[in-house]
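Trainee: Structural data only, the sequence is not supplied:
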């Protein structure tokens, strides 16, 4: 399905941006990218938009949770991703807006799932399923600072909003109606040709109702009178 390319794009963009912010190393290539220090903030558009590197236990927009809840969230994210992928396959023939919204949600879910499941092992600070999600997109206005988020959170939010705005039209089923120009269908007009297939010897019939009320009697052979039979017998004097 073509919409899965959107999911793949979201996952790749999300992970690439997180690796750039957090830093990574490729030992066999002798390459090392330091990234940003935790808590460091770099202004992009004044104080309105900044790149601020923080990590959270796994919920979107930096919501803190307990270790047990973190494990449950990781397991639920796996099941939700599988369910979204299956549902996206089921609706592959429906509207494009529905499939795009589901593809965005699936891409965001997989992006944050990779952080939760593998980042703790990859960066050697936590066991499997206990990694921390990397956030860095930081918007603020005046004294108000919005929760810091990432590309995966953005994809999920846009997907949900698109689903709420456009999904209702996918539930509507087109109904076939008869226009006024066509008019209602007459039962008598449909039945008339079938009745007229059998000719009727009657000058009084003018419609199918009269034809049905006056059935035609079958023709019978007129018997010959006895006197006629006697007259046809040969006379004995003729011999």
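Mentor: Structure's in. What do you need? The structure displayed is predicted, hence computed values, not measured ones.
Trainee: Quick one: mean pLDDT for the host helix or strand of residue 16?
Mentor: Element membership for residue 16 (DSSP states H and E) is helix 4-22. In this model, helix 4-22 has an average pLDDT of 97.
Trainee: so what secondary structure elements neighbour the following helix or strand past that helix?
Mentor: Going down the chain from helix 4-22, the next helix or strand is strand 24-26, by DSSP H and E. Applying 3 or more CB pairs under 8 Å, 6 or more residues apart in numbering; DSSP states H and E, one finds that strand 24-26 contacts strand 31-33. Where C-beta positions appear, they are placed from N, C-alpha and C, glycine not excepted.
Trainee: Partner strands of the helix or strand following the strand it packs on, with direction?
Mentor: Once strand 31-33 ends, the next helix or strand along the chain (criterion: DSSP H and E) is strand 41-45. As defined by DSSP bridges, the strand partners of strand 41-45 come to strand 49-56 (antiparallel).
Trainee: Residues contacting the following helix or strand past the strand it pairs with, please?
Mentor: As assigned by DSSP H and E, the chain's next helix or strand after strand 49-56 is helix 67-90. If you take CB atoms under 8 Å, 6 or more residues apart in numbering as the criterion, helix 67-90 is touched by 1, 3-4, 57-59, 65, 99, 102-103, 105-106, 109-110, 112-113, 116-117, 129-130.
Trainee: Apply 6 Å and report the result again.
Mentor: Here helix 67-90 makes contact (CB atoms under 6 Å, 6 or more residues apart in numbering) with 57-58, 102, 106, 109-110, 113, 116-117, 129.
Trainee: List just the nearest of these to residue 161.
Mentor: Distance to residue 161, by CB to CB, is smallest for residue 102 among those, at 12.9 Å.
Trainee: which residues touch the closest one?
Mentor: residue 88.
Trainee: and the gap between residue 1 and residue 90?
Mentor: Counting by CB to CB, to the nearest Å, the gap between residue 1 and residue 90 amounts to 11 Å.
Trainee: The two: who's more crowded?
Mentor: Shown here are residue 1 and residue 90; by other CB atoms under 10 Å, residue 1 has more neighbours (11 against 8).
Trainee: residue contacts, that one?
Mentor: So residue 1 contacts residue 92 (CB under 6 Å, 6+ apart).
Trainee: now residue 113, nearest residue through space, not along the chain?
Mentor: residue 77 (4.5 Å; CB to CB, 6 or more residues apart in numbering).
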